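Peer 1: Predicted model, plus sequence, below.
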Amino acid sequence: MKELQHLNKYFLKYKGQLIIGILITIVARIFLLFTPRLVKNIFVVVENYKNNLVTSNRTIQSELGEIILYIIGAAIIAGILTFFMRQTLINISRYIEFDLKNEVYQHYQKLSLKFYKNNRTGDLMNRISEDVGRVRMYVGPAIMYSINTVTLFVIALIYMFNEAPSLTLYTIVPLPILSVIIYKLSKEIHKRSTIVQQYLSHLSSSTQESFSGISIIKAYGIEAQTSADFNELSQTSKEKQLSLVRVSSLFFPMMILLIGISNLIVIYVGGLQYINGEIESLGTIAEFIIYVNMLTWPVATVGWVTSIVQQAEASQKRINEFLKITPDITNPTIEPSDITGNIEFKNVHFTYSDTNIEALKGVSFTLEHGKSLAIIGKTGSGKSTILDLIGRLYDIEKGQLLIDNTPIDKLNLTSLRDSIGYVPQDAFLFSDTINNNIKFGKEDATDEEVIQAAKYAQVHKNIIGFNKGYETILGERGITLSGGQKQRISIARAIIKDPKILLLDDSLSAVDTETEEKILNHLNNLSKGKTTIIVSHRVSSAKNADKIIVLDEGKIVQSGSHEALINVDGYYKHLYLKQLSETSNTDNLNS
Ligand SMILES: Nc1ncnc2c1ncn2[C@@H]1O[C@H](COP(=O)(O)OP(=O)(O)OP(=O)(O)O)[C@@H](O)[C@H]1O
């Protein structure tokens, strides 16, 4: 129960409702337990009549009528109270589930990219849905049934002992056995259902993967192979399901058997005691049979509740594991920072802790606000890492990274990120309209602003070519768009934000050189007063930048303007000449 203590703050939050729920439960059970008593009274009235203690038909009728009315009244009141019991206690569990989900989600948001790299998305989703769901079962049904069982048991036992003490002892003997059997059964059910869950989760992740990669599957003609894999997995999943059903089908027969045994004991022992004159009325036997049936289910739930609590404890442990992780990147101040856009790297070193790759080895450069920088270099040379460090997605390891002469980790994180427009290498679009995807950069943007940004990003014409224009819904990861269209929508999203710092990570790689030229011209006009960094493999994207640096294996090997760099031997000049000859070859082919 140590892990579940995390929920105490929520119980405290809803303590008013919790107390009301408990009180309602107690009163509801008291009313429910009137019935066996009243049934016994019916027997007593009938016996009195048979034994000629009461002779008037009228008296008998009115006595029976009165008891029946009491039974109906008690059942109605108990029913209404049970409704409110569920309304309060089960509602609390839903509120706590909501709070806990939000707590976990908000915590996830604060965690750095490193956390997301170290943990699988499926696992993150499982903890926020499946695990929180299991914890809810503890908060709601488990607590409700426990209160219910304790109340019912205590009140019923008092009534029963008052009525016939030795018969009570015989009656309750099978109940602990029942509880133990149900507990063992629940444990086995839980074990098997966990395996079933794992297979279902395999099945859904592998299905999801094959649908996401459907174009590759079709292109390589491996539909039959993927179908066979799916078939095999679903076959095993079916077997696991059947093994679960085999055990869970035992649950109700077991209950019926034990209720039957208890009833037999009551009838047999009660019958003997009646013959011996230890109990006065046959009504007592009827009363006890009702008690046995009323108590069996709550007693069975003791075993069930125990297994729910164990599952909830395990789930809460998994949730707490993530909640305990402190974010690597935190906001140092609540005071907003005013960011102009001067960037300075002073001998910056950075190593990715998970792979131990030293991506930057002493990088230094200065970029004044309003100026542009192009970063060129082979793949894996550390270009994207520089952009990630400016967005403070990671903290530097050694050296200094200054923004407006302030170390980056002293700036207000929200102000920093608000002042950056970032176009990542792999343009990610949400399953939403194009309009909303662009507005993501500025939620209150007008339609005119959206259109203007799309025009600057050279994607407006494509968008209006779609039937629904800006209201076109993009499929999962914008699958209906070409790579170049996705990149340009992603650029529009950054432009609309009108950021102080614009970071483009190889974001023109999928557009042709003519469109690239147009976008760069617009960016040139737009980026007046903005600090722009363009990462690229193409000289055409870099040549107009105020400054160009060439990275190789995490070090700056060349820097200067386009004119300066094409006049010295090195990577930049070779790349320039190579791309120049490719362009003239293409021109020759076209002419
Ligand atoms: N999230 C990460 N975790 C671990 N290692 C990483 C991560 N991102 C990049 N790396 C490694 O760091 C090095 C630099 O990567 P980076 O993405 O900065 O290169 P790049 O120059 O942008 O490459 P490309 O041109 O292919 O995009 C590479 O060796 C890469 O494998």
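Peer 2: Received it, and whenever you're ready, just let me know what you need. Residues are numbered from 1 along each chain as shown.

Peer 1: Spatially, what comes nearest to residue 522 if we skip its sequence neighbours?
Peer 2: Using CB to CB, 6 or more residues apart in numbering and skipping residues adjacent in sequence, the residue nearest residue 522 is residue 456, 4.3 Å away. C-beta here means a position set from N, CA and C on the backbone, and glycine is covered the same way.

Peer 1: In this structure the one you found contacts residue 495, no?
Peer 2: Yes. The criterion here is CB atoms under 8 Å, and residue 456 meets it with residue 495 at 5.4 Å.

Peer 1: What residues does the stretch 101-250 of the chain have near the ligand?
Peer 2: residue 117 (CB under 6 Å from any ligand atom).

Peer 1: in the stretch 101-250 of the chain, which spans are strands?
Peer 2: Using DSSP state E, counting those that start in this stretch, the stretch 101-250 of the chain contains no strands.

Peer 1: again with the stretch 401-550 of the chain
Peer 2: Here the stretch 401-550 of the chain has its strands, by DSSP E, counting those that start in this stretch, at 406-407, 420-423, 501-505, 531-536, 547-552.

Peer 1: Which elements pack onto the third one?
Peer 2: The one in question is strand 501-505. Using 3 or more CB pairs under 8 Å, 6 or more residues apart in numbering; DSSP states H and E, the elements in contact with strand 501-505 are helix 383-390, strand 420-423, helix 483-496, strand 531-536.

Peer 1: Please apply the same query to the fourth one.
Peer 2: Applying 3+ CB pairs under 8 Å, 6+ apart, one finds that strand 531-536 makes contact with strand 372-377, helix 383-390, strand 501-505, helix 539-542.

Peer 1: Determine the number of other residues adjacent to the residue in the stretch 51-200 of the chain that the ligand sits nearest to.
Peer 2: Nearest to the ligand, among the residues of the stretch 51-200 of the chain, is residue 117, at 5.6 Å (CB to the nearest ligand atom). Using other CB atoms under 10 Å, residue 117 has 12 neighbouring residues.

Peer 1: In contact with it, which residues?
Peer 2: residue 354 (CB atoms under 8 Å, 6 or more residues apart in numbering).

Peer 1: How is residue 347 assigned, secondary-structure-wise?
Peer 2: Using DSSP: H, G, I helix; E, B strand; the rest coil, the three-state assignment for residue 347 comes out as strand.

Peer 1: Double-check it against residue 362; I have them as touching.
Peer 2: Yes. Taking CB under 8 Å as the definition, residue 347 is a contact partner of residue 362 at 4.9 Å.

Peer 1: near the ligand, which residues of the chain?
Peer 2: 117, 352, 354-355, 357, 359, 377, 379-385, 425, 506.

Peer 1: let's see 8 Å
Peer 2: Applying CB under 8 Å from any ligand atom, we find that the chain lies next to the ligand at 113-114, 117, 352, 354-355, 357, 359, 377-386, 388, 425, 505-506, 535, 537, 551, 554.

Peer 1: Any of those buried? List them.
Peer 2: 114, 359, 377, 381-386, 388, 505-506, 535, 537, 551, 554 (16 or more other CB atoms under 10 Å).

Peer 1: And these, which two are furthest apart?
Peer 2: 114 and 537 (26.8 Å; CB to CB).

Peer 1: ok so, going back, possible to save the strands of the stretch 401-550 of the chain as CSV with mean pLDDT?
Peer 2: Formatted as CSV, the strands of the stretch 401-550 of the chain follow (pLDDT from 0 to 100):
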stretch, mean pLDDT
strand 406-407, 93
strand 420-423, 90
strand 501-505, 91
strand 531-536, 91
strand 547-552, 92
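
Peer 1: tell me the average confidence for stretch 94-107?
Peer 2: When pLDDT is averaged along stretch 94-107, the result is 93.

Peer 1: in that stretch, what's buried?
Peer 2: Using 16+ other CB under 10 Å as the test for burial, stretch 94-107 gives 95, 96, 97, 99, 100, 101, 103, 104, 107.

Peer 1: With stretch 170-181 instead?
Peer 2: Applying 16+ other CB under 10 Å to stretch 170-181 flags 170, 171, 172, 174, 175, 178, 179, 181 as buried.

Peer 1: same check, this time on stretch 387-395
Peer 2: 387, 388, 389, 390, 391, 392, 394.

Peer 1: Tell me the one among the buried ones among the residues of the chain next to the ligand nearest to residue 420.
Peer 2: Within those, proximity to residue 420 (CB to CB) peaks at residue 388, which comes in at 11.1 Å.

Peer 1: Name the SS class of the closest residue to the closest one other than its chain neighbours, please.
Peer 2: In space, and not counting its chain neighbours, residue 388 is closest to residue 394: 5.6 Å by CB to CB, 6+ apart. Classification of residue 394 by three-state DSSP places it in coil.

Peer 1: who's in contact with residue 394?
Peer 2: So residue 394 contacts 112, 113, 114, 329, 350, 352, 385, 388 (CB under 8 Å, 6+ apart).

Peer 1: if I pick the spatially closest residue to the second one that is not a sequence neighbour, what's in contact with it?
Peer 2: Pointing back at residue 113 there. The shortest distance from residue 113 to any non-neighbouring residue, by CB to CB, 6+ apart, is to residue 393 (5.2 Å). By CB under 8 Å, 6+ apart, the residues touching residue 393 are 112, 113, 329.

Peer 1: For the last one, the count of nearby residues, please.
Peer 2: To tie it back to what came earlier, the one meant is residue 329. Neighbour count for residue 329, taken as other CB under 10 Å: 16.

Peer 1: in a helix, that's where it is, yeah?
Peer 2: No. Assignment of residue 329 by three-state DSSP gives coil, placing it outside any helix.
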